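Chemist: can you look at this prediction? I've put the sequence above it.
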Amino acid sequence: MLPEKDLSLLEYYNLMSRKNVIISYKGPVTDVILSEISRDIRSKVSVDPGASRKIFAIFMELAQNILFYSAEKVQFSKEKEGIGILLLVQANDHYLFSCGNLVERIYLDDLVDGINLINSMDKEQLREYKRHQRNSPSPERSKGAGFGLTQVAITSGNPISVSHTDVDTVHSFLSLSIQINKEIK
């Protein structure tokens with residue numbers, strides 16, 4: 001279904017420029033795409049090495065979630081690749097990394113509950129929770145927000161913002177955002 005009014009690419013370009021967007025990508029998440037975006041992140045955020053390392057680690061975790069768990073897939077070579085959106089925005093004192101993808105609604109409650117649990121913990125509790133997840137059998141690890149999202153919260157030192165919108169009777173669009181504070185010099 002096409003929108004009633006086409007979005008002008010110039011309007012989109014201007015909006016993206018005003019919002020200090022560093023990375024904006026929508027499409028299949030493949031190993032090649034991960035490599036290229038990683039290179040761009042390292043290049044564009046190199047002035048802040050501490051934040052750059054955190055952004056890179058968070059990007060890899062969240063992009064891999066799209067790669068492996070997106071309900072929307074496309075066939076590339078031998079593998080089906082997940083489709084999603086990745087966005088990195090710069091503000092005065094922080095960066096904001098956001099990602100989104102379709103998920104099956106049957107998994108949504110576990111994901112949101114898991115993220116809320118992660119957000120309720122301090123750094124030491126998160127580390128202990130991560131150790132517990134690492135030592136748990138595979139089926140327990142694969143339910144809800146797992147090891148990777150726990151690592152994202154530890155790395156950023158900030159809560160994970162989560163929102164979702166139902167798109168049909170089977171799928172929801174899941175959005176995650178995480179703030180990465182700039183190093184203060």
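Modeler: Yep, it's here.
Chemist: correct me, but Gly146 touches Gln133?
Modeler: Yes. Counting by CB atoms under 8 Å, Gly146 touches Gln133, with 6.0 Å between them. Bear in mind the C-beta positions are built from the backbone N, C-alpha and C, glycine included.
Chemist: what comes up buried for the longest helix along the chain?
Modeler: Once the chain is assigned using DSSP state H, the helix that runs over the most residues is helix 49-69. Within helix 49-69, the residues that count as buried by 16 or more other CB atoms under 10 Å are 51-52, 54-63, 65-67, 69.
Chemist: looking at stretch 58-68 now, give me its mean pLDDT.
Modeler: In this model, stretch 58-68 carries a mean pLDDT of 91.
Chemist: that one: how far from the chain's middle?
Modeler: Its chain's C-alpha centre and that of stretch 58-68 lie 6 Å apart, by CA atoms, centre = their mean, to the nearest Å.
Chemist: pull the helix or strand with minimum mean pLDDT from this protein.
Modeler: helix 138-141 (a mean of 48; mean pLDDT, DSSP states H and E).
Chemist: just list what whichever helix or strand comes after that one packs against, helices and strands only.
Modeler: Using DSSP states H and E, the helix or strand that follows helix 138-141 in sequence is helix 147-156. Here helix 147-156 touches helix 49-69, helix 108-119, helix 123-135, strand 160-166, strand 171-181, going by 3 or more CB pairs under 8 Å, 6 or more residues apart in numbering; DSSP states H and E.
Chemist: need the contact partners of the next helix or strand after the longest one.
Modeler: For helix 49-69, the following helix or strand on the C-terminal side (DSSP H and E) is strand 73-76. Contact partners of strand 73-76, identified using CB atoms under 8 Å, 6 or more residues apart in numbering, comprise 28, 30, 80-83.
Chemist: of the residues you listed, buried ones?
Modeler: 28, 30, 81-83.
Chemist: now the angle between strand 160-166 and the longest helix of the chain, please.
Modeler: Relative orientation of helix 49-69 and strand 160-166, computed by axes from the mean of the first three to the mean of the last three CA atoms, to 10 degrees: 30 degrees.
Chemist: run through who's touching helix 49-69.
Modeler: By CB under 8 Å, 6+ apart, the residues outside helix 49-69 that reach it are 29-30, 34, 37-38, 41-42, 45-46, 81-84, 86, 88, 95, 97, 99, 101, 103, 148-149, 151-152, 155-156, 176, 178, 180-183.
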